[in-house]
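**Student:** heads up, no residue letters with this:
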């Protein structure tokens, strides 16, 4: 693998031995560097074997000053600039680079980069799915699972990459042909220090577009992102200005570009639940339209979203169960409640992110017939509900108790919705395990009551 950026004989330290950090270290070694990798947690034996085979040195259970014995430090995905050893590196004049900038020179393919507070994984996987089914050689990766470093040195027609605000914080040299910000809402404030800094990181994506690159975003987020042009998304009939138009009158999505109006899809083509998934589909289709690619309606209907994102679980006695365990912040849960049809009995709570639950309570008042609260934040959410004048809730100690209580309160025509507005870490190792447990209990109720 050759590049204008040669690391032959250079000393490179990588911080973080997660999915991205491991692949960064292996890439640096392939580029001829002397590599050291450090992680504050346990490194699995499988990864250690890979490091041994590649002759990469490592440490775990902490970041020591050995990291500073380097010409360059590369921060894996999620590594904060406030990490003490990185602050020491700055004092010592050692260059620090983020994951995207390190990998960028070795990427070969048209890049579609997607970020956002909610919906980015669905939009990314959907875009990759469409391209693969249409016969393109495509890598779908980044924050979605496949580390971007895996694409280094191989030619692709398209590289579709999900980017977190953490990755974008570090980015200066990474470039993309299309940048998508699905939406903005408060998230990861503890990492960035403020909502403004979080938005600034998201907006960094548009500063990383190639000349002629296209930004895709919500028109309502235009001022916050300080962006113009491109394809802003709005819910109205197609107008003269360039953009994506979600036309409820005619139940279809349009793209207007250079005065030409093109139908992206009929709403009926989309089989995913919720209006927000119509938006995700429109952004994915608009990104591909930039390259002259049309997505057939049948292909749109064949897409299945990643798990635990407003996923249909089943129905009994007119009550529908929906798993939105990925709703780990207030904005995601508000969107789920607003976007799904019918009145809801909503399950809320888990480990919090320090968010204000006022907007969540307002959504519960508007869209929920009843709320079941569980987890570490249940008392705080109850307090917010009471402040909003809402008393139709109950506290639960376990997921079993919560789902049974929700079904008991639900009437025919209503939806039992798990969309916790919190992380799972107080009760489960990840949101997937939480969603699986909810679905397992719901299916037991369906079998029992059916």
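**Tutor:** Cool, got the structure. Since this is a predicted model, take the numbers as computed values, not measurements.
**Student:** quick one, helices of the stretch 251-400 of the chain?
**Tutor:** 275-289, 297-301, 330-339, 358-367, 378-387, 399-409 (DSSP state H, counting those that start in this stretch).
**Student:** In the third one, which residues are buried?
**Tutor:** If you call a residue buried by 16 or more other C-beta atoms under 10 Å, then helix 330-339 has these buried ones: 330, 331, 332, 333, 334, 335, 336, 337, 339. Quick note: C-beta positions are derived from backbone N, CA and C, even for glycine.
**Student:** ditto for stretch 422-433
**Tutor:** Buried positions in stretch 422-433, judged by neighbour count with 16+ other C-beta under 10 Å: 422, 423, 424, 427, 428, 431, 432.
**Student:** I'd like these written out as a markdown table, with pLDDT added.
**Tutor:** Converted to a markdown table, those look like this (pLDDT from 0 to 100):
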| residue | pLDDT |
| --- | --- |
| 422 | 96 |
| 423 | 95 |
| 424 | 96 |
| 427 | 96 |
| 428 | 96 |
| 431 | 95 |
| 432 | 95 |
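**Student:** from the residues you listed, which single one is nearest residue 250?
**Tutor:** Residue 250 lies nearest to residue 431 out of the buried residues of stretch 422-433, by C-beta to C-beta, at 36.0 Å.
**Student:** Dihedrals phi and psi, the closest one?
**Tutor:** Backbone torsions of residue 431, given as degrees, to the nearest 10, read phi -70, psi -30.
**Student:** Least confident of the buried residues of helix 330-339?
**Tutor:** Taken together, the buried residues of helix 330-339 show their lowest pLDDT at residue 339, with 86.
**Student:** low-scoring stretches of the stretch 301-450 of the chain, by residue?
**Tutor:** By pLDDT under 70, the stretch 301-450 of the chain has no low-scoring segment.
**Student:** what residues are up against the nearest residue to residue 337 once chain neighbours are set aside?
**Tutor:** Nearest residue to residue 337, sequence neighbours excluded (C-beta to C-beta, 6 or more residues apart in numbering): residue 367, at 4.1 Å. When contacts are counted by C-beta atoms under 8 Å, 6 or more residues apart in numbering, residue 367 touches 337, 338, 343, 344, 346.
**Student:** a markdown table for those residues, including distance to residue 149?
**Tutor:** Below are these laid out as a markdown table (distance: C-beta to C-beta, whole Å):
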| residue | distance to residue 149 |
| --- | --- |
| 337 | 38 |
| 338 | 38 |
| 343 | 47 |
| 344 | 41 |
| 346 | 40 |
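**Student:** Let me know the closest of these to residue 124.
**Tutor:** Distance to residue 124, by C-beta to C-beta, is smallest for residue 338 among the contacts of residue 367, at 22.5 Å.
**Student:** The closest one touches residue 362, doesn't it?
**Tutor:** No. Between residue 338 and residue 362 there is no contact under C-beta atoms under 8 Å: 10.6 Å.
**Student:** Return the distance of residue 48 relative to residue 324.
**Tutor:** Plainly put, residue 48 is 37 Å away from residue 324 if you go by C-beta to C-beta, to the nearest Å.
**Student:** Looking at these two, which is more packed in?
**Tutor:** A side-by-side neighbour count of residue 48 and residue 324, using other C-beta atoms under 10 Å, places residue 324 first with 29 against 15.
**Student:** Nearest spatial neighbour of the more buried one, chain-adjacent residues omitted?
**Tutor:** Here the residue nearest residue 324, using C-beta to C-beta, 6+ apart, is residue 419, at 3.9 Å.
**Student:** Count the residues that sit near that neighbour.
**Tutor:** As a measure of burial, residue 419 has 28 neighbours, counting by other C-beta under 10 Å.
**Student:** these two touch, right, it and residue 349?
**Tutor:** No. Contact status for residue 419 versus residue 349: not in contact, 10.6 Å apart, counting by C-beta under 8 Å.
**Student:** Just the strands from the stretch 151-300 of the chain, written as ranges.
**Tutor:** Taking DSSP state E, counting those that start in this stretch to define them, one finds strands in the stretch 151-300 of the chain at 155-162, 176-181, 209-218, 231-234, 243-247, 252-257, 260-266.
**Student:** go on, the stretch 1-150 of the chain?
**Tutor:** Along the stretch 1-150 of the chain, the segments classed as strands by DSSP E, counting those that start in this stretch run 11-15, 34-38, 57-59, 72-75, 95-98, 108-115, 138-142.
**Student:** which other helices and strands contact the longest one?
**Tutor:** Packing partners of strand 108-115 (3 or more C-beta pairs under 8 Å, 6 or more residues apart in numbering; DSSP states H and E): helix 120-133, strand 155-162, strand 176-181, helix 195-207, helix 275-289.
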